[in-house]
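Student: I'll drop the sequence and a predicted model, then ask my questions.
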Amino acid sequence: MPGFVRYYADCYGPQTAFATLDYGDGSGAVAVFSGYVFSEPQLVVTQIGPRTAQKVKVDQLKCPACGGEIPKLSGDRAERVGCPYCGAVSDIAAQQVIAQQERAMQMPELPIGSRGTLEGVEYVCIAYMRRGTDFDGEHFSWEEYLLWAQPVGFRWLVKDPESGWTWVVPVNLSEIDLRGMPNSVGWGGRMFSLRNQNSARVEYVLGEVYWKCQVGETTRITDFVNGRDVLGREQGDGEVRWSYSTPVPWAVLAQAFNLPLDGPGARFAGGGGGGGVPVAAKSGCSSAMFLLIVIAIILMICMLAACGACSPGGFGTGSRGVGVVSGGK
């Protein structure tokens, strides 16, 4: 009934194991439900008799704010939708506007509704999101594209203006070795070291998303790195999710979604970052800071060289010479 509060906890196990602890209203015994996670195409429902209510299938959503018709791209899986015509964010089930945002000045580089094949699976781009964070008085933002395919579910493509494009897939949290937290974690036989922690805030959203997204919604991000790969932890309201991010070249995305190789996305062909938050934003290391580090290293080398020239034996750069180690982001 409306207003009834129910407490539960979802649990993940190795492989595809899954369980729910149902506490009800907290006054009785705990009920335990165990099972496993399976792909949507494996679900087969057989209708034995006539339904008490017939559901009308529609292919369009009508924006409650402007009346614009928005294509339904993920069936009945979405909770909220951002209107591409007026910018209003609406709750799909309630057909109510829950937030207003400015109208999109330009369409995303990966158009909503476009289809592409990655790793042998055809995906449809169902949403675009801009998220950001503030660090040391500077604002950083990046873009995220939500993809959906019936065989595998949801995936993300993230575009960071400084480090490029990344492919983000969900990770079973039960398979992560947390014994090294908060400095490191293990997964898939590899160790990932802590890179940074920060908060990510939703600034703009278009299309369909699978949770009750709100403009201004904030989650806590923690990233662990191994080379250019990132294992990311995102903590929201009562939920924690892990993801694995790897760089993906723009040429691969352009070919997959039939986009021009010299299109806007080509400017970010370097690849890198991940976990839904860009490298530059989360590390707080801007281009200016990196330039200052490089200049300092050059000045140090010049000073050492000058001192060596003044000494009797000169300055050697062989096996016993001085090495300079520099670190970026």
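Tutor: Ah, there it is.

Student: so residue 192 sits right up against residue 228, yeah?
Tutor: No. Contact between residue 192 and residue 228 fails when scored by C-beta atoms under 8 Å: they sit 11.7 Å apart. C-beta coordinates here come from the backbone N, C-alpha and C atoms, glycine included.

Student: between those two, which one's more packed in?
Tutor: Neighbours per residue (other C-beta atoms under 10 Å) separate residue 192 from residue 228, with residue 192 holding more: 23 against 16.

Student: OK, contacts around that one?
Tutor: Taking C-beta atoms under 8 Å, 6 or more residues apart in numbering, we find residue 192 in contact with 184-186, 224-226, 229-231.

Student: pull out the buried positions in the longest strand seen in the chain.
Tutor: Longest strand of the chain, by residue count under DSSP state E: strand 190-209. Going by neighbour count (16 or more other C-beta atoms under 10 Å), the buried part of strand 190-209 is 192, 195-196, 198-200, 202-209.

Student: which helices and strands sit right next to the helix or strand following that strand?
Tutor: Moving toward the C-terminus from strand 190-209, the next helix or strand (DSSP states H and E) is strand 218-226. Other helices and strands packing on strand 218-226, by 3 or more C-beta pairs under 8 Å, 6 or more residues apart in numbering; DSSP states H and E, are strand 190-209, strand 229-235.

Student: of all those, which lies closest to residue 159?
Tutor: Minimum separation from residue 159 across the helices and strands packed on strand 218-226 (C-beta to C-beta) falls at strand 190-209, 13.6 Å.

Student: ok and the closest one relative to strand 218-226, angle-wise?
Tutor: On the basis of axes from the mean of the first three to the mean of the last three C-alpha atoms, to 10 degrees, strand 190-209 is oriented at 140 degrees to strand 218-226.

Student: each with direction, which strands does strand 190-209 pair with?
Tutor: strand 80-82 (antiparallel), strand 121-135 (antiparallel), strand 184-187 (antiparallel), strand 218-226 (antiparallel) (DSSP bridges).

Student: so which of those strands gets nearest residue 167?
Tutor: Counting by C-beta to C-beta, and looking across all of the strands paired with strand 190-209, nearest comes strand 121-135 at 10.8 Å.

Student: got the CA positions of that closest one in CSV?
Tutor: Taking Å, rounded to 0.1, in the frame of the first residue of the first chain, the C-alpha atoms of strand 121-135 are listed here in CSV:
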residue,chain,number,x,y,z
VAL,A,121,26.6,-7.3,-30.1
GLU,A,122,24.3,-4.7,-31.6
TYR,A,123,23.6,-1.9,-29.3
VAL,A,124,21.2,1.1,-29.4
CYS,A,125,22.2,4.4,-27.8
ILE,A,126,19.3,5.3,-25.5
ALA,A,127,20.6,8.2,-23.4
TYR,A,128,23.1,10.9,-23.2
MET,A,129,24.4,12.4,-19.9
ARG,A,130,26.8,15.1,-18.9
ARG,A,131,28.3,14.9,-15.4
GLY,A,132,30.8,17.1,-13.7
THR,A,133,32.8,17.8,-10.5
ASP,A,134,34.6,20.7,-8.9
PHE,A,135,38.3,20.5,-7.7
